[in-house]
Structure formats: structure tokens, C-alpha cells
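>>> Got a predicted model here, sequence first, then my questions.
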Amino acid sequence: MAHFEFSSVLPFPRADVFEFSTDPENLSKIMVDFKIEATSPITKLKKGIEYEMRISRFGISVIWGVVIEELIQNELFRDRQSHGPFSLWVHTHKFEDHGHGTLLTELIEYDLAFGILGKLADDLFIKRELQKLFESRHAKTLELLTQVKNKKNK
């Protein structure tokens, strides 16, 4: 099993970062290199809920099913792929106070299919893509939360 972790500090209260991160509408806003379409409607994340989305990138489209395994208000939520492109995908989102902001940490446990070819793809491509993806996600989260804050302050 492979592991990936990415963290950043966002200068916003933990409750605000958690609320933003658990709003399903925001997923397509922070995944800028992907086209995401909900194939099953979801309005609020909660433990046990399962939903599907179609994710498209590089002209390739897959249906990705996700189950929310755990949700602790303002602390963490964990989703697990029920079906999709990975043999295993468990994504934990952790929210911790950090100075005057929030430390957002995303931990991924994953396996690729295709044995040694999957391992080779992970070494050559997947880890680098995950790094770029999560750098972009966190930067976009910062940008969008800043916009919300600026609107409130006007």
C-alpha cells in the first residue's frame, strides 16, 4: 500500500475550513484540472453517506464511488472509494488549530491495480501528480476562503 500526505496552514478558523471542505459543491471548485459531475446528488457530508461522481481528465472519464466512513465535526472526515480507478483509496482530511489558522492535512492510502505495472506508474507518475493536485487544491481553497472573507468584510 502506498501513502501520500500533504499539509498546509490556512489563515482561517478551523470551523470555517471544515465547513468549506465538507461542502460537496466546493469539490469541483478546488479540483481545477478535473471536470467533476455528481452522478448522485449530495447536499451535506455525513457518516455513512455514499455518492458518485464522474471525474474527467486528459479525455479519460471514470465513475468514482465514495463512502464517508467517519466524520467528526471540525476535526476530520474520511472517505473510502467504493468503486473507481484505484484498488484502494482512503482519504483522511484532518483539521487542527495552528496559531491563528488551521493546519489542513490530507492523508491518502492507496493501491493501484496491475501489480508491478501499477507500482511503476506510481513511481513515475502518480506520486508527482498527487503532489501537484494537492498543492493546487490547497491553493484554491485558500483563494476561495479569502474571497468569502473579503465579501463578509465589505
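Perfect, I can see it now. Residues are numbered from 1 along each chain as shown.
>>> For the rest of this, base every contact and every neighbour count on C-alpha atoms.
Will do.
>>> hey, where'd the helices end up in this structure?
14-21, 27-30, 115-121, 127-153 (DSSP state H).
>>> Quick check: beta-bridge partners of residue 63?
Note on residue 63: beta-bridge partners by DSSP bridges are residue 54.
>>> next one: residue 71
Beta-bridge partners for residue 71, by DSSP bridges, are residue 77.
>>> still on that earlier bit, could I get the helices of the chain as JSON lines with mean neighbour count?
As requested, the helices of the chain are arranged in JSON lines below (neighbours: other Cα atoms under 10 Å):
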{"stretch": "helix 14-21", "mean neighbour count": "18"}
{"stretch": "helix 27-30", "mean neighbour count": "17"}
{"stretch": "helix 115-121", "mean neighbour count": "13"}
{"stretch": "helix 127-153", "mean neighbour count": "14"}
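>>> Comparing those, which yields the minimum mean pLDDT?
Here the lowest mean pLDDT among the helices of the chain goes to helix 115-121, at a mean of 72.
>>> Other residues contacting it?
For helix 115-121, contacts defined as Cα atoms under 8 Å, 6 or more residues apart in numbering pick out residue 112.
>>> Output it as CSV, restricted to C-alpha atoms.
This file holds the C-alpha atoms of helix 115-121, laid out as CSV (Å, rounded to 0.1, in the frame of the first residue of the first chain):
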residue,chain,number,x,y,z
GLY,A,115,0.8,-5.3,-10.0
ILE,A,116,4.3,-4.3,-11.0
LEU,A,117,3.0,-2.0,-13.8
GLY,A,118,0.9,-0.2,-11.2
LYS,A,119,3.9,0.2,-8.9
LEU,A,120,5.9,1.6,-11.8
ALA,A,121,3.1,4.0,-12.7
